[in-house]
Every structure is written in C-alpha cells, then in structure tokens.
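# Task: produce atomic coordinates for the following.
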Amino acid sequence: MDTQLIYNYLADLKTGYCNTIEEYKQKITASEIGFRAAYTQYLAETDGKGVNLILSDFQEFQETIDAMVKEDKNHRHYEQFVYASEKTDEAIVYMRRAREQYTTGEESTRPQRASKVNDTDERVISGTEGLARFLGCSKSMAFSVIKDGVLKKEGIQYKVGNCWKFNAERLKDFLRIHPNLLADIRCIR
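This is a model prediction of the structure:
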C-alpha cells in the first residue's frame with residue numbers, strides 16, 4: 001500500500017497555508033477524506049505494521065505546530081496554525097483508535113479491504129428525512145440546512161447518486177462546536 005495520501009495530508013497540514021482560514025479549511029477537509037480512506041486501507045493491507053512510524057511523524061508535527069501556536073500569536077497564519085494543530089490531534093486520535101480496533105480483531109470495527117457504506121450504517125445519515133430525524137427538526141428545516149451548504153463546506157455532507165449523505169460522527173462534532181446551527185438558517189417555504 002502506498003502511503004502517499006497519508007503523507008499528502010500531513011504535508012497539507014504543514015505547508016498548505018492559504019490567504020484565508022476558510023480556504024485552508026476547505027483544502028484540509030478535502031485532503032482529510034483521502035487520508036482517512038488511505039489509512040484504513042493501509043491498516044487492512046499491512047495488518048497494522050508500520051503505523052507507529054506514521055503516528056510518530058504526525059506526533060512530531062503536533063509538537064512543532066503546538067509550539068508555533070504558543071509562541072507566535074501575531075503571525076498572519078495564526079488561525080491556520082491553530083486549525084492545523086486541532087486537525088493533527090484529530091488525525092492522531094483517529095489513527096490510534098483505528099489501530100486499536102484493528103488489533104483487537106473485532107470484525108465489526110476491523111477495516112475491510114473493500115468496504116461499502118450502506119444505508120444501515122450508523123455512521124451515515126441518508127437523505128432529508130434522516131437529517132431531520134437526527135437534528136430533531138422538520139423536513140423543511142433539514143432541507144434548508146442542505147441548501148445552505150454549511151455542512152457541505154465542512155465535509156459532512158456529500159452526494160451519492162441523487163441522495164444526500166451525512167457523516168454522523170462529524171455532524172455530532174460540528175454540532176458541539178456550533179450548537180446554534182438551526183438558529184442561523186432560515187427555513188425555505
């Protein structure tokens with residue numbers, strides 16, 4: 001398995017600074033999707049061998065970026081340093097958790113070589129009705145959230161065929177940070 005996508009993500013975190021924080025977040029979100037898929041596949045194909053080296057590379061960068069955050073609050077890319085630190089920490093947690101799940105041998109959590117996400121997967125919310133149930137709102141409000149595009153910008157919302165899908169785990173994290181999501185969106189009638 002080629003580790004290129006894994007290290008591309010690390011490179012984007014290290015050097016991918018953009019003119020605005022929004023541009024940087026979009027770039028990192030796009031890169032993160034490839035990273036997670038590549039890491040899961042790498043675990044499955046190598047039986048977890050070699051992940052300690054990848055983890056140590058991410059941890060080394062975590063130490064560097066954390067030092068930058070503490071030392072240089074006036075730097076023009078300070079917000080991006082903070083975001084890179086958060087995303088690096090998330091990546092390390094993700095890699096450790098995936099490795100742990102893989103090494104315990106639990107088939108339900110063990111990465112598969114060719115996994116296919118389906119509608120019964122708890123990590124995926126399907127369609128407007130599914131989003132409405134998850135958010136505890138009306139279908140009209142869920143449709144407004146979809147149309148607003150805020151979840152798409154954060155890499156939570158994606159389309160499979162004609163159906164919108166939502167990453168439940170990322171949506172939960174997003175709602176913890178932005179609890180007023182529904183208050184900020186006007187319902188389309």
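# and the closest residue to Ser85 other than its chain neighbours, what helix or strand is that in?
Computed as CB to CB, 6 or more residues apart in numbering, the closest residue to Ser85 that is not its neighbour in sequence is Ile65, at 4.7 Å. No exception for glycine: its C-beta is placed from N, CA and C like everyone else's. Taking DSSP states H and E as the criterion, Ile65 maps to helix 51-71.
# I'd like the average pLDDT over whichever helix or strand comes after that helix.
Using DSSP H and E, the helix or strand that follows helix 51-71 in sequence is helix 78-104. If you average the pLDDT over helix 78-104, you get 84.
# what's the angle from helix 78-104 to helix 51-71?
160 degrees (axes from the mean of the first three to the mean of the last three CA atoms, to 10 degrees).
# buried set for helix 78-104?
Across helix 78-104, burial judged by 16 or more other CB atoms under 10 Å covers 80-85, 87-88, 91-92, 94-95, 98-99, 102.
# From those, pick the one nearest Phe134.
Tyr94 (21.6 Å; CB to CB).
# Hmm, Arg36 and the closest one touching each other?
Yes - Tyr94 lies in contact with Arg36 (CB atoms under 8 Å); the separation is 6.7 Å.
# buried sites along stretch 19-36?
Going by 16+ other CB under 10 Å, stretch 19-36 has these buried residues: 24-25, 27-29, 31-32, 35-36.
# contacting residues for Gln26?
For Gln26, the contact set (CB atoms under 8 Å, 6 or more residues apart in numbering) comprises Lys153.
# Quick check: buried residues in the helix or strand hosting Phe174?
Taking DSSP H and E as the criterion, Phe174 maps to helix 168-177. For helix 168-177, burial by neighbour count (16+ other CB under 10 Å) applies to 168, 170-171, 174.
# now the angle from it to helix 78-104?
140 degrees.
# Any chance you could list what contacts helix 168-177?
In contact with helix 168-177 (CB under 8 Å, 6+ apart) are residues 122-125, 134, 151, 154-156, 181.
# Give me the three-state assignment for Ile125.
strand (DSSP: H, G, I helix; E, B strand; the rest coil).
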